[in-house]
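Trainee: okay, predicted coordinates and the sequence, questions at the end:
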Amino acid sequence: MGINKHEEFDAMLTSVPVGTKSLKDYEGIVDAEVIEKARQLGKALNGVKILNLSSTAFGGGVAELLYTLIPLMKDVGIDAHWQVIPGSEDFFTVTKLFHNALQGMDLMTTPEMIETYLNQNEENSNLFSGDYDIVMVHDPQPAAMISYLEEKGKKNGKWIWRCHIDLTAARPSVWEFLKPYLELYDAAVFTMTQYIKEGFDIPKIAIVPPTIDPLSPKNMDIDIRTIESILERYNIDKDRPIVTQVSRFDPWKDPLGVIDAYRIAKEEIPGLQLLMIASMATDDPEGWHYYEKTSRHAGGDPDIHLLSNLEGVGNLEVNAFQRASRVVVQKSTREGFGLVVAEALWKERPVIGGDVGGIPLQVINGKDGYLVNSSRDCGLKLIQLLNNPEMAHEMGVFGKEHVRKNFLSPRQLVDYMELFSYLYEPVY
């Protein structure tokens, strides 16, 4: 439901509480120069007020990143905040369609879609309050708020649009609609240079691949007894090989293709089990439809386990499932980055991933896993890795070091702070 016009100025965007983290705890995990650089930048940015604005506080990679990065920003002296926007079911349905179109799916935009999107952004702009030095807006859902704030004279500070999406095949109908709003920003952040659309006119662009938190419950070390206890709770046989994909139920994650690959591998490895782990998010109505579609494709196979937060699967459980797996799959057909790839590699598990988007930044083909373009290729590579545990282990060791050097949270903290330093103009 929309905001009641008589109440809109009394309400506010929802603030997200975050815990505390210390950069010191990452000493000995990431290289010392990364820690030192973060501290130096923190001194220069001490007291700078920064707001992160997103569409949901759980259920996706954006939220996961912010739960780590905001406490780390606070730890180095930045006055960091996070708020989420409200939205109707119609609004989130439209923004998911926009998301799919930006990743290449055909979409005929209608005046009703545009009206739904803009009306919610205008209403959300009425909820915006506070003076910030920098505002970072994540993905398309809140992207048009800036235009209404400018109209009302309520925009202050520098604004950054953070794109987490693979835009290489973006449909012109949606991109051209959003582009004028995005060009109101002072800067944009993309995961890869390939995602920057030709003709996108904005003062500053930064390339910042996402990262994982090695100390979070999803990635921290856990003992074998904890792993086995979690497997037992979900009726998964610890003595038979396990393959896992952790993703939303979403056409771009190709869950049907993952099941097809599993069936190819199972012909040679009859005891194989497949875990498909998802988080059902509030801003993804399509997830329910695709869950049902995936369930039908699984056909009642007792060795295919479709699990989500609705069955109590949280970060600790995902950690256990990934560590229990011989191989982890991320068979995406579009992927902005794919945090779950770095998560699995950090746990020394080889990854078979789609040769798309940000996955090749993480999976070095033949070194820490394989890049594939079909279910058949994925199934054959599964057989190869499952039948060669020593090779799989060597790939996992390589992958962990690759992630340690490139994809842990303090590095992204530094990248963001360098951009903040570039944009920030202190008032004396």
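Mentor: In hand now; what should we look at? Numbers count the residues shown, from 1 in each chain.
Trainee: quick one: the strands in the stretch 101-250 of the chain?
Mentor: Assigned by DSSP state E, counting those that start in this stretch, the strands in the stretch 101-250 of the chain fall at 134-138, 158-162, 187-190, 205-207, 242-246.
Trainee: any chance of those strands in CSV, plus mean neighbour count and distance to Arg323?
Mentor: Any C-beta I mention is one placed from the backbone N, CA and C, and that applies to glycine too. Shown next, in CSV, are the strands of the stretch 101-250 of the chain (neighbours: other Cβ atoms under 10 Å; distance: least, Cβ to Cβ, whole Å):
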stretch, mean neighbour count, distance to Arg323
strand 134-138, 25, 29
strand 158-162, 24, 30
strand 187-190, 21, 31
strand 205-207, 14, 31
strand 242-246, 26, 10
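Trainee: can you tell which of those is closest to Ala169?
Mentor: Proximity to Ala169 (Cβ to Cβ) singles out strand 187-190 among these, at 14.7 Å.
Trainee: mean confidence score for that closest one?
Mentor: Taken as a whole, strand 187-190 has a mean pLDDT of 98.
Trainee: can you check stretch 253-269 too?
Mentor: Averaging pLDDT along stretch 253-269 yields 97.
Trainee: show me the contact partners of that stretch.
Mentor: Stretch 253-269 has contacts (Cβ atoms under 8 Å, 6 or more residues apart in numbering) with 241, 243, 245, 247, 249, 272, 274, 276, 290, 293-294, 297-298, 303-304, 329-333, 354, 374-376, 378-380, 382-383, 386-387.
Trainee: how about the helices in the stretch 201-350 of the chain?
Mentor: For the stretch 201-350 of the chain, the helices defined by DSSP state H, counting those that start in this stretch occupy 224-233, 255-268, 286-298, 315-324, 339-346.
Trainee: narrow the contacts of stretch 253-269 to those that are buried.
Mentor: For the contacts of stretch 253-269, a burial check counting by 16 or more other Cβ atoms under 10 Å picks out 241, 243, 245, 247, 249, 272, 274, 276, 290, 294, 298, 303-304, 329-333, 354, 375, 378-380, 382-383, 386.
Trainee: report the contact partners of Arg296.
Mentor: Taking Cβ under 8 Å, 6+ apart, one finds nothing in contact with Arg296.
Trainee: please determine how far it is located from Ile196.
Mentor: To Ile196, Arg296 is 39 Å away according to Cβ to Cβ, to the nearest Å.
Trainee: now Gly77
Mentor: Gly77 is 31 Å from Ile196, where distance means Cβ to Cβ.
Trainee: thinking again about what came up before, deepest of the helices of the stretch 201-350 of the chain, which one?
Mentor: Of the helices of the stretch 201-350 of the chain, the one with the most neighbours on average (mean count of other Cβ atoms under 10 Å) is helix 339-346, at a mean of 28.
Trainee: adjacent strands (with direction) for whichever helix or strand comes after it?
Mentor: Toward the C-terminal end, the helix or strand that comes next after helix 339-346 (DSSP states H and E) is strand 351-354. Next to strand 351-354 in the sheet, as set by DSSP bridges, lie strand 327-330 (parallel), strand 369-372 (parallel).
Trainee: okay, domains of this structure per the record?
Mentor: 14-211+409-423, 224-406 (automatic domain parsing).
Trainee: re the thing from before, can you add distance to Thr20 and give the strands of the stretch 101-250 of the chain back as TSV?
Mentor: Below are the strands of the stretch 101-250 of the chain laid out as TSV (distance: least, Cβ to Cβ, whole Å):
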stretch	distance to Thr20
strand 134-138	20
strand 158-162	23
strand 187-190	25
strand 205-207	27
strand 242-246	26
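Trainee: out of those strands, nearest to Glu115?
Mentor: That would be strand 134-138 among those, by Cβ to Cβ, at 20.8 Å.
Trainee: can you give me the mean pLDDT across the closest one?
Mentor: If you average the pLDDT over strand 134-138, you get 98.
Trainee: same question for stretch 377-389.
Mentor: Rounded mean pLDDT across stretch 377-389 is 98.
Trainee: do stretch 170-183 as well
Mentor: Mean pLDDT, stretch 170-183: 97.
Trainee: now swap in stretch 143-156 and tell me
Mentor: For stretch 143-156, mean pLDDT rounds to 95.
Trainee: same check on stretch 335-344?
Mentor: pLDDT averaged over stretch 335-344 gives 95.
Trainee: what does that stretch contact?
Mentor: 61, 64-65, 163-166, 191, 195, 209-212, 218-219, 244-247, 252, 318, 322, 325, 328, 330, 332, 351, 353-354, 356-359, 361-363, 399, 403, 407.
Trainee: endpoints of it, how far apart?
Mentor: 16 Å (Cα to Cα, to the nearest Å).
Trainee: identify the residue nearest the geometric centre of the chain.
Mentor: The centroid of the chain falls nearest to Gly61 when counting by Cα atoms, centre = their mean (2.3 Å).
Trainee: can you give me every residue that contacts that one?
Mentor: 164, 210, 336-337, 339.
Trainee: could you do Ser15 as well?
Mentor: When contacts are counted by Cβ under 8 Å, 6+ apart, Ser15 touches 81-83.
Trainee: Ile227 now?
Mentor: Listed by Cβ under 8 Å, 6+ apart, the contact set of Ile227 reads 238, 320, 323-324.
Trainee: shaky segments in this protein?
Mentor: For the chain, the stretches with pLDDT under 70 are 1-11, 59, 281-286, 426-428.
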